[in-house]
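# sequence first, then the predicted structure:
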Amino acid sequence: FSDFHIYKKRLHPRYLYKLLSEAKQVLASRPNIQRASTSISKQITVVGDLHGQLADLQTILHKNGLPDVTNPYIFNGDFVDRGRCSVETMVIILTLMLLRPTAVYLNRGNHEDYYVNCQYGFVKEIQKKYKSQAGPIVKCFTDLFRYLPLATIINDKMLVTHGGISSEMDLTVLKSLDRTAYQDLLWSDPVAQMGTRPNELRGLGCFFGPDVSKAFLQKMNLQLLIRSHECRPEGFEWMHENRVLTIFSASNYYTEGSNKGAYAKILSDGTVHPVQFTVSGGRKHKSMRQRINSAEEAALMDLKKKIVVHSDELLKEFHAADPDRTGQITLSAWITAMQNVLELKLPWRTLQPRLTDTAKEKHMVLYGTMFEKTKVSNSLTKAPAPLTEELYKQRDTLEGIFRAMDKDGSGHISLAEFQAACLRLPNRAHIDEKSISDMARSIDLNKDGEIDFNEFLEAFRLAELEVGKREQDSEDVYFED
């Protein structure tokens with residue numbers, strides 16, 4: 001596998017189809033929760049997010065050896081997106097699973113999903129590498145992802161899953177659920193605060209505290225939760241009094257030197273050894289400014305997570321400084337609230353424009369906008385203005401409707417189904433059915449009679465630009481006088 005020169009060659013579509021077909025059959029036969037044992041091997045390796053970074057996968061296999069009965073692996077999801085070699089990464093992992101089916105366990109990550117792949121690069125990578133044959137190949141990968149198991153339990157003592165847990169989770173129930181529609185295990189994140197709250201930063205899953213992980217492990221008679229899903233500077237991180245371990249295997253994830261990669265070696269006596277590594281030259285060369293920007297965005301994302309987790313405490317502080325509920329406070333009051341709640345010594349005055357909007361009055365902050373900016377926003381096309389605005393307002397609802405209609409997870413709905421969804425929108429008395437029909441046809445960019453999620457998102461992006469332009473035009477008119 002170290003001689004897999006992806007920039008010169010690609011696997012012929014004929015063999016790729018065959019590989020995906022055989023791998024899907026194997027995955028479909030596996031339960032939602034797999035069972036792994038170290039009784040023979042005496043150890044097992046857990047690999048975290050790879051995100052199409054083939055060099056990291058090659059490094060792990062070189063350092064740790066290929067999978068076999070004495071050296072089993074659990075690949076814990078997020079194999080694709082963002083990196084340039086997602087196809088090759090999947091090809092190697094699936095080939096290893098077919099060659100050593102009793103020694104390779106695959107868990108699904110939140111990026112093993114067509115909707116996510118449309119936004120984060122995997123679909124574009126396939127289109128670039130396979131041109132006219134990309135469509136069927138994307139469908140094959142999408143179909144395969146639906147059959148990936150959700151978790152693996154090691155020696156009846158350790159749960160390995162991609163994201164995390166929730167307070168309502170019960171593994172007994174999970175065993176019989178439709179795994180193609182389950183989200184909490186794929187999207188959730190651990191935090192230091194007690195309890196659970198919706199994971200508004202990601203839009204799905206939840207944040208769960210140490211009390212939740214402790215209660216869950218005790219209830220399920222488990223000792224440790226091993227998860228991935230989050231980039232950690234050292235490649236791994238212990239949390240919740242060493243009851244939760246994060247393993248992230250994509251080194252230099254944001255930029256060269258931003259983080260180490262790691263995998264975990266679990267011995268038969270329950271000892272866990274994280275193994276760190278760094279791959280040099282695995283990414284395109286970036287300028288110093290690009291590297292700084294990448295590092296800043298990574299830090300900002302981590303800060304936004306903290307804001308979401310502490311949103312109740314922050315809002316309480318803001319309201320204390322705004323007893324009349326005007327929605328705005330002084331910049332100094334905002335800085336004081338951020339420092340008191342988050343307990344972080346940061347250049348808040350510099351960060352403020354990236355976290356909140358500023359009021360027209362000098363040195364006043366619209367604190368409510370901070371919570372909007374930290375939520376996940378989804379990125380509908382040319383259409384009558386009232387319809388475009390209504391769809392824009394209901395973008396989260398429409399994405400939910402899109403997923404609900406797409407029963408097989410194929411990422412396609414018919415024009416009639418989309419029109420029916422639009423008719424369900426509230427406050428649509430002023431929108432006639434012809435406008436909806438015209439819009440459905442305009443979203444179907446390739447005119448195949450179906451709307452795929454990629455077309456849906458592109459139309460959504462254009463609508464967002466259109467609404468923004470109209471709002472700007474209205475502001476220009478307002479200030480003309």
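Thanks, I have it. Numbering: from 1, shown residues only.

# can you count the residues close to S176?
9 (other C-beta atoms under 10 Å). C-beta here means a position set from N, CA and C on the backbone, and glycine is covered the same way.

# let me see the domain layout of this structure.
Following automatic domain parsing, one gets these domains for the chain: 13-277, 310-373, 385-480.

# okay, how far is it across the first one, tip to tip?
The reference is to domain 13-277. Start-to-end span of domain 13-277 (C-alpha to C-alpha, to the nearest Å) is 33 Å.

# ok, back up a step: just say which of the domains of the chain is most tucked in.
The highest mean neighbour count among the domains of the chain, using mean count of other C-beta atoms under 10 Å, belongs to domain 13-277: a mean of 19.

# chain center to it, what's the gap?
Here the centre of domain 13-277 is set off from its chain's centre by 12 Å, with C-alpha atoms, centre = their mean, to the nearest Å.

# average pLDDT across it?
Averaged across domain 13-277, pLDDT comes to 93.

# hmm, back to that, output the domains of the chain as TSV; include the columns distance to D302.
Output for the domains of the chain, formatted as TSV (distance: least, C-beta to C-beta, whole Å):
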stretch	distance to D302
domain 13-277	9
domain 310-373	10
domain 385-480	24
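
# L303: which of those domains is closest?
The closest of the domains of the chain to L303 is domain 310-373. By C-beta to C-beta, the value is 7.5 Å.

# which pLDDT value belongs to G468?
You'll see G468 listed with a pLDDT of 55.

# how about N446?
67.

# I figured D189 hits G205, correct?
Yes. Here D189 reaches G205: they are 7.2 Å apart, a contact under C-beta atoms under 8 Å.

# with only the CA atoms kept, save stretch 416-424 in PDB.
This file holds the C-alpha atoms of stretch 416-424, laid out as PDB (Å, rounded to 0.1, in the frame of the first residue of the first chain):
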ATOM      1  CA  ALA A 416     -43.400  16.400  -7.500                       C
ATOM      2  CA  GLU A 417     -42.000  15.500  -4.000                       C
ATOM      3  CA  PHE A 418     -40.200  18.800  -3.800                       C
ATOM      4  CA  GLN A 419     -43.300  20.800  -4.800                       C
ATOM      5  CA  ALA A 420     -45.300  18.900  -2.200                       C
ATOM      6  CA  ALA A 421     -42.700  19.900   0.400                       C
ATOM      7  CA  CYS A 422     -42.900  23.500  -0.500                       C
ATOM      8  CA  LEU A 423     -46.700  23.400  -0.200                       C
ATOM      9  CA  ARG A 424     -46.200  22.400   3.400                       C
END
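
# ok, the nearest residue to M364 once chain neighbours are set aside to K304 distance?
Sequence neighbours aside, Q328 is the residue nearest to M364 in space, at 4.7 Å (criterion: C-beta to C-beta, 6 or more residues apart in numbering). Q328 sits 21 Å away from K304, going by C-beta to C-beta, to the nearest Å.

# likewise L27?
Taken as C-beta to C-beta, the span from L27 to K304 is 34 Å.

# got it, and Y147?
33 Å.

# ok, now R325?
R325 sits 24 Å away from K304, going by C-beta to C-beta.

# again with H162
If you measure H162 against K304 using C-beta to C-beta, the figure is 21 Å.

# what's the neighbour count on L300?
When neighbours are defined as other C-beta under 10 Å, L300 has 14 of them.

# and it, what does it touch?
Counting by C-beta atoms under 8 Å, 6 or more residues apart in numbering, L300 touches L351, R354.

# in terms of helices and strands, where is it?
Secondary-structure assignment from DSSP states H and E places L300 in helix 288-309.

# I'd like the average pLDDT over that helix.
Regarding helix 288-309, the rounded mean pLDDT is 66.

# after it comes which helix or strand?
Downstream of helix 288-309 (by DSSP H and E), the next one is helix 311-321.

# please report how far the residue nearest in space to the middle of the chain lies from I329.
Centroid-nearest residue in the chain, with C-alpha atoms, centre = their mean: N110, separated by 5.0 Å. In this view, N110 and I329 are 36 Å apart by C-beta to C-beta.

# same question, G257
Separation of G257 from I329 (C-beta to C-beta) stands at 38 Å.

# could I get the full set of strands for the stretch 51-200 of the chain?
Taking DSSP state E, counting those that start in this stretch, the strands of the stretch 51-200 of the chain run over residues 73-75, 104-106, 151-154, 158-161, 189-190, 196-198.

# which one, of the ones you listed, ends up nearest to M338?
Distance to M338, taken as C-beta to C-beta, is lowest for strand 196-198 among the strands of the stretch 51-200 of the chain, at 19.0 Å.

# so what strands line up beside the helix or strand following that closest one?
Using DSSP H and E, the helix or strand that follows strand 196-198 towards the C-terminus is strand 206-208. When pairing is defined by DSSP bridges, strand 206-208 lines up against strand 189-190 (parallel), strand 196-198 (antiparallel).

# can you redo those strands as CSV with distance to R232?
Putting the strands paired with strand 206-208 into CSV (distance: least, C-beta to C-beta, whole Å) gives the following:
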stretch, distance to R232
strand 189-190, 12
strand 196-198, 21
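
# tell me which of the ones you listed sits nearest to E241.
Nearest to E241, of the strands paired with strand 206-208 and by C-beta to C-beta, is strand 189-190 at 11.4 Å.

# tell me the spacing between G163 and M169.
Distance, G163 to M169, by C-beta to C-beta: 11 Å.

# returning to what we had before: which of the strands paired with strand 206-208 sits closest to E230?
So among the strands paired with strand 206-208, strand 189-190 is nearest, using C-beta to C-beta, at 6.2 Å.

# what's the closest one in contact with?
163-164, 199, 202, 205, 207-210, 213, 227, 229-230, 239-240, 244, 246, 305.
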